[in-house]
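[1] 3D model of this:
(one chain, ligands or ions: 1)
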Amino acid sequence: MNPTKPIVAPASDKTNAARRESLTITDNRTGRQYEVPVQHDTIRAIDLRQIKVNEDDFGMMTYDPAYTNTASCISRITFIDGDKGILRYRGYPIEELAEKSTYLETAYLILHGELPTNAQLEDWTYHVTHHTFIHESIKKFLDGFHYDAHPMGMIISAVAALSTFYPDAKNIFDEDSRRKQTWRLIGKMPTLAAFTYRHSLGMPYAYPDNELSYPGNFLNMLFRTTELKYRPNPTLERALDVLFILHADHEQNCSTSAMRGVGSSHVDPYSAIAAATAALYGPLHGGANEAVLRMLLEIGSVNRVPDYIKQVKSGEQKLMGFGHCVYKNYDPRAKIVKHIAYEVFDVMGRNPLIDIALECERIALEDDYFVKRKLYPNVDFYTGLIYQSMGFPMTMFPVLFAIPRTSGWIAQWQEMLLDPEQKIARPRQIYLGSDERSYIPMDHRG
Ligand code: CMC
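    Reported below is the predicted structural model:
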């Protein structure tokens, strides 16, 4: 054992210590003390590496499965206070943006850090709108999928394929190139999404209409049939725009971490977006809205809700659309979504599944199981009902999440690329497998 030997902090850290902005750690294995700086209520994991039992020791690491208490970056994009139910993009509360902004304006804000001037918004809208067309070969590519292929599988493949059409996207440190890929990605995601939908119906692809708004054009590419000019219903167009605003970014969630992690290898943004979209596909993330609707259909009627809740409490089921990794309060997006649901029902008729959803929420918010675990409705609890009422098949729900999240993914990717502290993502592990052993020939194996 090494004797107790306090390690003297460097001079700059002493000042911190005087202000109590440091952490003193005693290693009880050796009796040594270490002082590590604290900044933003955080210590640097690498500062723990100096804590060793002897010189051959690798040094102390932290164990944090799923990184639930590890900040992997410094970000200035999205702020969440999960306990208070606060969400802000670049400082602006989500409630204000949902009320006053449009998706394209919000995407600009997320990507550039400030709300655009009139001229900036015009320029931004022009460029995104003029990148909505996709190469005709992409259509052939989509035609290769089965009619019942899941649209998320199709869009993941299609967005990855875009990288082969735009080899200039590899110039990730060229600002002009990044700007162009941003226009292309935000412009083309709705087109790819709509084409996957039309493919599943066996309908001819409907081309973008540059005179329509971002959500209006998306509705046009989805639902246009024989009309010479498609005119989106303004309530549905605005509802979709607000849903897009709500889904634009959500700091370091699973798909954003995928975007940053894959992007940290310096691959082109289309390949990184394909990875992020794949992460979003899972039922615990962007696939939850689809899972909620399947759950409501399975419950079937209001009087079967108590039975279902019993199954949830006994661990046989999950109440999909409830609970969140960071919100331990009502998800602020869910409140807005609930409001939009009624606006959409006014146009499309009341979705009868809303009564089952409301009863689930009513029971859950009063039940000890959910109260103790701080399980509240998340953004996905009501979105599925809206999408279904608007005529989307369930499989399209996660796609409707991927379209707006593209702006957040790109902003986070760019922030990662331009951060001199970032490197290729490479977490550590605690190896608990076999120690070295010799190969056993087949006829000697038990
Ligand atoms: N239904 C029933 N019990 C739940 C649920 C749920 N939806 N979510 C968490 N719990 C329980 C869980 O079983 C655990 O209980 P216990 O302490 O007895 O073991 C406790 O609550 C804590 O759960 P956890 O898994 O540690 O919580 P988490 O914060 O790691 O998980 C979550 C977050 C979103 C993965 C989880 O709540 C969940 O699976 N929810 C359903 C899926 C869903 O709606 N996902 C959409 C998330 S919002 C959209 C997005 O941003 O992607």
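[2] what residues does this structure put near the ligand?
    Neighbours of the ligand within the chain, by CB under 6 Å from any ligand atom: 250, 253, 284-286, 288, 312, 318-325, 373, 375, 378-380. For the C-beta atoms, the positions are set from N, CA and C on the backbone; glycine is no exception.
[3] show me the residues you listed that map onto helices.
    288, 312, 380 (DSSP state H).
[4] out of those, the closest to Lys338 would be?
    The closest of these to Lys338 turns out to be Asp380 (CB to CB; 12.0 Å).
[5] what's the distance between the closest one and Ala279?
    The gap separating Asp380 from Ala279 is 15 Å, by CB to CB, to the nearest Å.
[6] these two: who's more crowded?
    Asp380 (29 against 20; other CB atoms under 10 Å).
[7] and that one, how far from Ile245?
    16 Å.
[8] relative to Asn233, which of the ones in helices among the residues of the chain next to the ligand is nearest.
    Asp380 (23.6 Å).
[9] ok, that closest one - contacts?
    Neighbouring residues of Asp380 by CB atoms under 8 Å, 6 or more residues apart in numbering: 288-289, 291-292, 320-321.
[10] which of those residues sit farthest apart?
    Asn289 and Met320 (8.7 Å).
[11] out of the two, which sits in the busier spot?
    A direct count of neighbours by other CB under 10 Å for Asn289 and Met320 places Asn289 higher, at 29 against 25.
[12] report pLDDT for that one.
    Looking at Asn289, its pLDDT reads 89.
[13] residues contacting it?
    So Asn289 contacts 321, 380, 383-384, 387, 397-398, 400-401 (CB under 8 Å, 6+ apart).
[14] show me how to select, in PyMOL, the buried members of the residues you listed.
    The following PyMOL line selects those of those that are buried, judged by 16 or more other CB atoms under 10 Å:
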select buried, resi 321+380+383+384+387+397+398+400+401
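[15] of the contacts of Asp380, closest to Leu109?
    The closest of the contacts of Asp380, once distances to Leu109 are taken by CB to CB, is Asn289, at 24.3 Å.
[16] now the strands for this protein?
    For the chain, the strands defined by DSSP state E occupy 22-27, 32-37, 78-81, 86-89, 92-93.
[17] next, format the ones you listed as TSV and append mean neighbour count.
    Below are the strands of the chain laid out as TSV (neighbours: other CB atoms under 10 Å):
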stretch	mean neighbour count
strand 22-27	16
strand 32-37	18
strand 78-81	18
strand 86-89	21
strand 92-93	16
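[18] redo those strands as JSON lines? Include mean pLDDT and distance to Thr235.
    Below are the strands of the chain laid out as JSON lines (pLDDT from 0 to 100; distance: least, CB to CB, whole Å):
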{"stretch": "strand 22-27", "mean pLDDT": "97", "distance to Thr235": "54"}
{"stretch": "strand 32-37", "mean pLDDT": "97", "distance to Thr235": "54"}
{"stretch": "strand 78-81", "mean pLDDT": "97", "distance to Thr235": "28"}
{"stretch": "strand 86-89", "mean pLDDT": "97", "distance to Thr235": "24"}
{"stretch": "strand 92-93", "mean pLDDT": "98", "distance to Thr235": "24"}
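[19] Asn220: which of those is closest?
    Closest among the strands of the chain, using CB to CB: strand 86-89, at 27.0 Å.
[20] now the protein against the ligand: closest residue?
    Using CB to the nearest ligand atom, the closest approach of the chain to the ligand is made by Gly323 at 2.3 Å.
[21] pull the contacting residues for that residue.
    Applying CB under 8 Å, 6+ apart, the residues near Gly323 are 373, 375-376, 378.
[22] can you rerun that using 7 Å?
    For Gly323, the contact set (CB atoms under 7 Å, 6 or more residues apart in numbering) comprises 375, 378.
[23] and the residue lying closest to Met154 once chain neighbours are set aside, how close does it get to Phe145?
    Take Met154 and drop its neighbours on the chain: the residue closest to it by CB to CB, 6 or more residues apart in numbering is Thr196, 4.2 Å away. Relative to Phe145, Thr196 is positioned 8 Å away (CB to CB).
[24] if we can go back for a sec, give me the buried subset of the residues of the chain next to the ligand.
    Buried among the residues of the chain next to the ligand by 16+ other CB under 10 Å: 250, 253, 285-286, 288, 312, 318-324, 375, 378-380.
[25] what sits against Arg405?
    Here Arg405 is in contact with 247-248, 255, 280 (CB under 7 Å, 6+ apart).
[26] please apply the same query to Asn329.
    Asn329 sits in contact with 82-85, 376, where contact means CB under 7 Å, 6+ apart.
[27] pLDDT value on it, please?
    pLDDT, Asn329: 90.
[28] give me the distance between it and Gly85.
    Asn329 sits 4 Å away from Gly85, going by CB to CB.
[29] just give me the neighbour total for the residue nearest to Leu121 when sequence neighbours are not counted.
    Leaving aside its chain neighbours, Leu121 sits nearest to Glu105 (5.9 Å; criterion: CB to CB, 6+ apart). Residues near Glu105, counting by other CB under 10 Å, number 20.
[30] over to Glu237?
    19.
[31] so it sits against Pro215, correct?
    Yes. With contact defined as CB atoms under 7 Å, Glu237 counts as touching Pro215 (5.1 Å).
[32] buried ones in stretch 158-171, by neighbour count?
    Those would be 158-163, 166, 169-170, for stretch 158-171 by 16+ other CB under 10 Å.
[33] what lies in contact with that stretch?
    Outside stretch 158-171, the residues that reach it (CB under 7 Å, 6+ apart) are 135, 138, 141-142, 177, 181, 184, 188, 192, 268-271, 273-274, 277.
[34] again, only this time at 6 Å
    The set of residues external to stretch 158-171 that reach it, using CB atoms under 6 Å, 6 or more residues apart in numbering, is 135, 141, 177, 181, 192, 268-271, 273-274.
[35] so which of the residues you listed belong to helices?
    Using DSSP H, the subset of the contacts of stretch 158-171 located in helices is 141, 177, 181, 192, 269-271, 273-274.
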